[in-house]
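Participant: I would like the atomic coordinates for the input below:
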Amino acid sequence: MISTKGRYALRVMIDLAEHEGEGNIPLKSIADRQDISKKYLEIIVKELVRGGLLSGVSGKGGGYSLNRKAEDYTVGEIIELMEGTLAPVACLAEKDYNCPRADFCQTLPMWKEYHQMVHDFFYSRKLSDLLGDRDPIYYI
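Facilitator: Prediction:
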C-alpha cells in the first residue's frame with residue numbers, strides 16, 4: 001500500500017510541475033493549494049530535496065522547484081524514494097538477501113512477475129502524464 005507520504009509527495013511534485021516557470025514556490029502555497037499540513041509537507045520536501053528531485057531555497061524569494069522537467073521524472077522514482085522498494089517480498093527487495101528456499105520456491109516466479117508488473121506500471125508513467133487541463137488531483 002502506498003502511504004500518505006508517497007501520495008502527498010506525488011501531489012507536491014505535480015503542484016510544482018503545474019507552476020513550473022514561476023520561480024521558487026513557497027511551501028505555504030503548495031500546502032494551501034493541496035490542503036495538506038505545512039508541517040507534514042516540510043518532512044516530505046526535505047526527503048525530496050535529499051533525494052535530488054527538488055531544490056529548496058531559503059529566505060526571501062525562497063521555496064521549492066523541480067530539478068528536471070516533469071517529463072524527466074517517473075512516478076516510480078518518486079514513490080520509491082518516499083516508500084522504499086516496491087518489491088512484494090524480501091527476497092526481491094534486498095540484493096544481498098540469501099533465501100535458502102530460492103532454488104525450489106514455488107511462489108518466487110509469481111512474486112517476480114508481480115514485482116515486474118508493478119515496477120513497469122509506475123516507471124512507465126511520467127510526472128508529466130499526471131498533468132492536464134482537468135481539476136486538481138485530490139484523490140491521490
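
Participant: who touches the helix or strand of the chain with the lowest mean pLDDT?
Facilitator: Ranked by mean pLDDT, DSSP states H and E, the weakest helix or strand in the chain is helix 90-93, scoring a mean of 87. Helix 90-93 is contacted from outside by 84-85, 87, 97, 99, 102, 105, 108, 111-112, 115, using Cβ atoms under 8 Å, 6 or more residues apart in numbering. (C-beta placed from N, C-alpha, C; glycine too.)

Participant: now those as CSV including pLDDT, neighbour count and distance to residue 11?
Facilitator: Below are these laid out as CSV (pLDDT from 0 to 100; neighbours: other Cβ atoms under 10 Å; distance: Cβ to Cβ, whole Å):
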residue, pLDDT, neighbour count, distance to residue 11
84, 94, 10, 19
85, 93, 12, 22
87, 92, 18, 24
97, 84, 12, 33
99, 84, 13, 36
102, 83, 10, 38
105, 92, 14, 38
108, 92, 16, 35
111, 94, 15, 30
112, 93, 15, 31
115, 95, 17, 25
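
Participant: tell me which residues of the least confident helix or strand of the chain come out buried.
Facilitator: Neighbour-count burial for helix 90-93 flags 91-92 (criterion: 16 or more other Cβ atoms under 10 Å).

Participant: what's the answer for stretch 52-66, then?
Facilitator: For stretch 52-66, a neighbour-count test (16+ other Cβ under 10 Å) marks 53-54, 63-66 as buried.

Participant: any idea how many residues pack against the closest residue to residue 52 other than its chain neighbours?
Facilitator: In space, and not counting its chain neighbours, residue 52 is closest to residue 67: 6.4 Å by Cβ to Cβ, 6 or more residues apart in numbering. Using other Cβ atoms under 10 Å, residue 67 is surrounded by 13 other residues.

Participant: ok, then the element right after the least confident helix or strand of the chain?
Facilitator: Where DSSP states H and E defines the elements, the next helix or strand beyond helix 90-93 is helix 108-123.

Participant: from the contacts of helix 90-93, which two are the most distant?
Facilitator: Largest separation among the contacts of helix 90-93 by Cβ to Cβ: 84 and 105, giving 22.5 Å.
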